[in-house]
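Participant: using only what follows, build the 3D model:
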Amino acid sequence: MAEFMQGLKRTDYCGELSETKAGSEVTLMGWVQRKREMGPFTFILLRDRTGVVQAVVDENSPEEIIRKTKEIKSEYVVAVRGTVNLRTENNINTKMKTGKIEVAVSELRILNESDTPPFQIEESINVSTELRLKYRYLDLRRPNVAKNIMLRHKTCQVVRNFLSDEGFIEIETPMLTKSTPEGARDYLVPSRVHPGNFYALPQSPQLFKQLLMVSGFDKYYQIAKCFRDEDLRADRQPEFTQIDMELSFVEAEDIMDVNERLIKKVFKEIKNIDLETPFMRMTWQEAMDRFGSDKPDIRFGMELKDITELVSDTDFAVFRNAIEAGGSVRAIVAEGCGSLSRKKIDKLVETAKTYGAKGLAWINVQDGGFKSTLSKFFTDDKLKSIADYTKASAGDLILICADKNKVVWDALGALRLEVARQLDLLDNNEYKFLWVTEFPLFEYSEEEQRYVAMHHPFTSPMDEDIDKLESDPGSARAKAYDMVLNGCELGGGSIRIYSRDIQNKMFGCLGFSEEDAAERFGFLLNAFKYGAPPHGGLAFGLDRLIMLMSGAESIRDVIAFPKVKDASCLLTDAPNIVEPKQLEELRLSLIKEEDDEN
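Facilitator: Residues are numbered from 1 along each chain as shown. Below you'll find the model as predicted:
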């Protein structure tokens, strides 16, 4: 039977006890991790959010304590009062933070019982993700998962303190707002008061934080919840959290400087790592040419080499057609991979195809010769010139892709990471930061047959590219910047457009009529009539930051109650059906799906 806590007050957390408490009486409360009996002693491993400590009951303990000790099982909730004792040298447990002490129990209360949990509440368990997330409240008791949540809390505290000291003001922006479709799909919320009308959950606080700059709050920040109805992957969730900020009267350098100092502070406070600043910088074009990615992982080399000119005289149709179509031929060198089996090489070819490549040529560099899919078309002298140009040595494997630049970049960029994983080149204890700058302002959508904003419609073009908005929008560069860490986009931002004239030109490039622009963004454009200051900002993905700092494989591991791949919650069974009455109040009806046979 559960007992009350009356007369007991917790004095300490389990994982925070140390030798300095030796001889003191403490009261602990938590869950029974494990119980084991050894002769006259019963050892109880007691756990709370800070860790575990060992409590001891012996045969000389009061009868009531011995009786209760026999009753308790794993995950029972108990309160323990006792004296902290130093363990003898032979009994020290070096694997436990509290392994030099134990608590001799003088009072034990069973505060609540527990059924046998569906999996062991331990650090390393072999159980499916689905089961863990269905019982997430139990999964969160596991020390390694709880540690991630605590790290997230501490990081948010450091961020808030730093930004407050820098003069930023924390301001909340609305969760129910207007749908402004441009990018990912919105989550829509029907209005009962305004039948047939909908709110949207914000994909970001972008428009509101710009309005705050017009309002005169020249340094804003918010740890903001954001929502996007899009397909999930390891570092994506339908609801996620941003460290969001906007500043007035600044240039890109000012924003990059304050954010470098913020990240430097976070890593020092949380991980005791001194990051070197300023971070490396490279333009978008350089990143794509060297790494095939606008978020390059620079923990290792294996850079792309452009061999277009070297093979421009070829009769090999795949290369020739790509070059004539304005594409390129590029290569990476997988050092020491010349011994890969044909089966593994074929898997690399299939990987390239998933990124749009029609195929993948390869050259196995051997002592005194070459083995290659290109041997029918190229002489050994030509193969040697490719090997020399790419600096490949005997035992290396050269992987070559020819196609449109985007396809070549995507395919080789992905292969570069895949080979690095196979060669174990990715050290999660190494943190390599860089800024990627000067992104294209637009990208062309074949599906919509128009230019779309690479970031968003309020990103300012580079000053020297403003004239290109009308003459050559595809070559215009943006005052945009992304902070990249180990191949992940950690944060991104830009200097914003605050001139109505330039904003109108931007909308024109995007194919918006004046009526379209007014309908979608009228409230912001109207605000710009009243003295908008020069401004810019940046938003970090908090979930990604914590994932990378903790070494977790997915942002699911650093979010208390995450969704799974189909955006459902296994814990609550959301999304789910609602009562017909609720639909009636919203004046909504559901379209019934036709039978398959119809």
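
Participant: pLDDT score for residue 511?
Facilitator: According to the prediction, residue 511 has pLDDT 87.

Participant: hmm, I typed the wrong one, I wanted residue 223.
Facilitator: pLDDT recorded at residue 223 is 98.

Participant: doesn't it fall inside a strand?
Facilitator: Yes - using DSSP: H, G, I helix; E, B strand; the rest coil, the assignment for residue 223 is a strand.

Participant: what mean pLDDT does the longest helix seen in the chain get?
Facilitator: Longest helix in the chain, counting residues (DSSP state H): helix 143-165. Taken as a whole, helix 143-165 has a mean pLDDT of 97.

Participant: how far does the next helix-or-strand element following that helix sit from the chain's center?
Facilitator: Downstream of helix 143-165, the next assigned helix or strand under DSSP states H and E is strand 169-170. Remark: strand 169-170 is offset 24 Å from the chain centroid, using CA atoms, centre = their mean, to the nearest Å.

Participant: quickly run through the sheet partners of strand 169-170, with directions.
Facilitator: Here strand 169-170 is paired, per DSSP bridges, with strand 219-227 (parallel).

Participant: contacts for the strand it pairs with, please.
Facilitator: By CB atoms under 8 Å, 6 or more residues apart in numbering, the surrounding residues in contact with strand 219-227 are 156, 159-160, 163, 166-173, 175, 186-187, 201-205, 209, 212-213, 238-248, 539, 542. In this view, the C-beta of every residue, glycine as well, is placed from N, C-alpha and C.

Participant: returning to what we had before: who are the packing partners of the longest helix of the chain?
Facilitator: strand 169-170, strand 219-227, helix 252-271, helix 542-550 (3 or more CB pairs under 8 Å, 6 or more residues apart in numbering; DSSP states H and E).

Participant: and of the ones you listed, who's closest to residue 62?
Facilitator: The closest of the helices and strands packed on helix 143-165 to residue 62 is helix 542-550. By CB to CB, the value is 43.5 Å.

Participant: tell me which of the helices and strands packed on helix 143-165 sits most buried.
Facilitator: Ranked by mean neighbour count under mean count of other CB atoms under 10 Å, the helices and strands packed on helix 143-165 are led by helix 542-550, which reaches a mean of 23.

Participant: give the rounded mean pLDDT of it.
Facilitator: What helix 542-550 shows for mean pLDDT is 96.

Participant: what sits up against it?
Facilitator: Residues from elsewhere that reach helix 542-550, judged by CB under 8 Å, 6+ apart: 147-148, 151-152, 155-156, 223, 235, 237, 240-243, 266-267, 270-271, 431, 485-486, 488-490, 552-555, 557-559.

Participant: now stretch 325-336: buried residues?
Facilitator: Neighbour-count burial for stretch 325-336 flags 327-335 (criterion: 16 or more other CB atoms under 10 Å).

Participant: over to stretch 227-240?
Facilitator: Buried residues in stretch 227-240, counted by 16+ other CB under 10 Å: 227-228, 232, 235-240.

Participant: okay, those residues in a markdown table with pLDDT and distance to residue 570 next?
Facilitator: Output for the buried residues of stretch 227-240, formatted as a markdown table (pLDDT from 0 to 100; distance: CB to CB, whole Å):
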| residue | pLDDT | distance to residue 570 |
| --- | --- | --- |
| 227 | 95 | 19 |
| 228 | 93 | 20 |
| 232 | 71 | 13 |
| 235 | 66 | 19 |
| 236 | 83 | 17 |
| 237 | 92 | 14 |
| 238 | 94 | 14 |
| 239 | 95 | 15 |
| 240 | 95 | 18 |
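
Participant: pick the one among these closest to residue 193.
Facilitator: Set against residue 193, the nearest of the buried residues of stretch 227-240 by CB to CB is residue 227 (21.4 Å).

Participant: avg pLDDT for the host helix or strand of residue 526?
Facilitator: Here residue 526 sits within helix 514-527, counting by DSSP H and E. Averaged over helix 514-527, pLDDT sits at 87.

Participant: got the contact list for it?
Facilitator: With CB under 8 Å, 6+ apart, helix 514-527 has contacts from 178, 180-182, 207, 210-211, 214, 457-458, 500, 503-504, 507, 512.

Participant: quick one: which of these is most hemmed in?
Facilitator: residue 210 (24 neighbours; other CB atoms under 10 Å).

Participant: helices or strands next to the helix or strand where it lies in the packing?
Facilitator: Assigned by DSSP H and E, residue 210 falls within helix 206-214. Under the contact criterion of 3+ CB pairs under 8 Å, 6+ apart, the helices and strands touching helix 206-214 comprise strand 219-227, strand 239-248, helix 514-527, strand 535-541.
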